[in-house]
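J.: sequence and predicted model, in that order:
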Amino acid sequence: MVLSTIAIVLVVLFDYTNGFHDASNIIAPVIASRAMTPIQAVAIVAVFEFLGPVLGGTAVANTIGKFVTVDDVIADKAVVIILCGIVAAIVWNLGTWWIGIPSSSSHALVGGLAGAVVVSVGADHVLWGFAELGKGHLTGVTKVLIGLVISPLIGFWVGFLLQKLTASLLVRAKPTANRTLRRSQFLTSAWLAFSHGANDAQKSMGIITLVLVLSGRISEFAVPFWVILTCASAITLGILSGGWRIVRTVGFGIYKIRPLHALNAQLTSAGVIYAASLLGAPVSTTHVVSSSIMGIGSAERPKAVRWSKAKEILSTWLITIPGSAAVAIACYALVWALWARTL
């Protein structure tokens, strides 16, 4: 009981760090384009961030909560395994936030859980999904990875094409059109916040539900409403705390964002993330927003895109899963050395 409570508290903490780490990417375009003041942006985003997980279903939670299987392990040990994976994700989130690099909380969570499970009970307790993919069925880690890899590519090209289209339609527009573009971002940022909440908070919902099942508090994997409200509140509080180091990177470090760029980045990101949520695929808002801005910049002035910053972000993407897995392995080794006799 105590271990499961600690695990749930840590998952809520992860959800909170996810809020100020990932969702700061939602705020970055509107701040950089001067569509809203920071207070306006945080207020609007926070409201719709909360509504996302409450109204967005549980398809992503089901995916995340079922890609590792430790139900055949002693209950306390199973909870400790999950706990170590969550600690690894939190450590990775805080570390990349501290240096201002927009890494993926989704990658960190997947890497942390997979690393902890593999080192403790073996790779056969991870639902990899490779065999099922050959049969045309997308599930497990394969589903997670495909969503995480494809979503930024889609974000890049949708952003590229949308920028080309809207720029051609507004080629004769007067400078006063920027006022309308800025006002339109009140709607697009709200949609992006809703989409983010509907996807990212569900990851924590899935892990908490898994812990409840493993500890015997509930008999089957079904997300309780109090879990939905708790995760919605935690990620919203993260939004209110702000992640200004990452706001600077995304809003000013990749491309000089103007009102049209910000609007297109929000439309692109919201569409990709919301579609993924409906399909039950966990994706990274960080990846999608950053790649959409790169696509928009490439459509207008490729040489003006700060590709050095893009390479820095890409390298962080690539090392997040193995890095968080390594942290989880170290965490499990430490916990096992301290608590093995009590399990």
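T.: The structure has been received and is ready for your questions. Residues are numbered from 1 along each chain as shown.
J.: report the central residue of this structure.
T.: Most central in the chain under C-alpha atoms, centre = their mean is S284, positioned 3.9 Å from the mean C-alpha point.
J.: count of neighbours near the residue nearest to that residue when sequence neighbours are not counted?
T.: Among residues not flanking S284 along the chain, S104 sits closest, at 3.7 Å (C-beta to C-beta, 6 or more residues apart in numbering). C-beta coordinates here come from the backbone N, C-alpha and C atoms, glycine included. Around S104 sit 30 other residues, with neighbours defined as other C-beta atoms under 10 Å.
J.: what distance do you get for S104 to K203?
T.: 11 Å (C-beta to C-beta, to the nearest Å).
J.: try A28
T.: Counting by C-beta to C-beta, the gap from A28 to K203 is 21 Å.
J.: in this structure, where's the longest helix?
T.: Counting by DSSP state H, the longest helix found in the chain is helix 177-214.
J.: low pLDDT regions in the stretch 51-200 of the chain?
T.: Within the stretch 51-200 of the chain, the set of residues satisfying pLDDT under 70 comprises 100-102.
J.: kindly recompute the last result at 90.
T.: In the predicted model of the stretch 51-200 of the chain, residues 56-83, 89-110, 120-153, 170-183, 185-186, 189, 196-197, 199-200 satisfy pLDDT under 90.
J.: go through stretch 128-141 and flag the buried ones.
T.: 128-129, 138-141 (16 or more other C-beta atoms under 10 Å).
J.: stretch 60-67 now?
T.: Neighbour-count burial for stretch 60-67 flags 60-65, 67 (criterion: 16+ other C-beta under 10 Å).
J.: closest one of these to A167?
T.: V60 (33.6 Å; C-beta to C-beta).
J.: ok, the closest one touching A281?
T.: Yes - with contacts counted by C-beta atoms under 8 Å, V60 reaches A281, the gap being 7.1 Å.
J.: so which residues lie in contact with stretch 111-130, not counting its own?
T.: Stretch 111-130 has contacts (C-beta atoms under 8 Å, 6 or more residues apart in numbering) with 66-70, 73, 77, 81-82, 84-89, 92, 137-143, 207, 320-329, 331-333, 336.
J.: switch to 7 Å and redo it
T.: The contact list for stretch 111-130, computed with C-beta atoms under 7 Å, 6 or more residues apart in numbering, reads 66-70, 73, 81-82, 84-86, 88-89, 138-143, 320-329, 332.
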